[in-house]
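>>> attaching a predicted model along with its sequence, questions to come.
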Amino acid sequence: MMAYLVAAVTALLLVAGALFALAAAIGLVRLPDLYTRMHSASKAGTVGSGLLLFAAGLYSQDPAVIARALAGFVFFLLTAPVSAHLLARAAHRSGHDLGAISVCDDMRER
């Protein structure tokens, strides 16, 4: 019975992670400019990757592997959004234009 529960939770995490990764991929293709694309990739990609990593750790049922998976998820949460922000800031400072749909540039120097 416990094996079925672990398999069901793992399957749920895999599907959820895959959906978040799919949302990030669709955002990369469909969103209008660099900044919104980076936002999609960093947020949805981080959550999707973390859920997939946690599913792999849970499926192993080894506490050491689960701990490493959680550490990897925390690493994703700490590094991916920060690096995307810094890359977007560098792109903005180098003069990369916002998309036509953007209504406000809060980082524009006055």
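Arrived safely.
>>> to the chain's geometric centre, what's the distance from stretch 43-59?
Between the centre of stretch 43-59 and the centre of its chain there are 9 Å (C-alpha atoms, centre = their mean, to the nearest Å).
>>> which residues sit against it?
Under the criterion C-beta atoms under 8 Å, 6 or more residues apart in numbering, residues 6-7, 9-10, 13-14, 16-24, 27, 65-70, 72-73, 76-77, 80-81 lie in contact with stretch 43-59. Glycine gets a C-beta too; all of them are placed from N, C-alpha and C.
>>> drop anything exposed from these.
10, 13-14, 16-17, 20-21, 23-24, 27, 66, 69, 72-73, 76, 80-81 (16 or more other C-beta atoms under 10 Å).
>>> follow-up on the earlier one: now, the contacts of stretch 43-59 that are in strands?
Nothing among the contacts of stretch 43-59 maps onto strands, per DSSP state E.
>>> picking that back up, which of the buried ones among the contacts of stretch 43-59 fall within helices?
Of the buried ones among the contacts of stretch 43-59, the ones assigned to helices by DSSP state H are 10, 13-14, 16-17, 20-21, 23-24, 27, 66, 69, 72-73, 76, 80-81.
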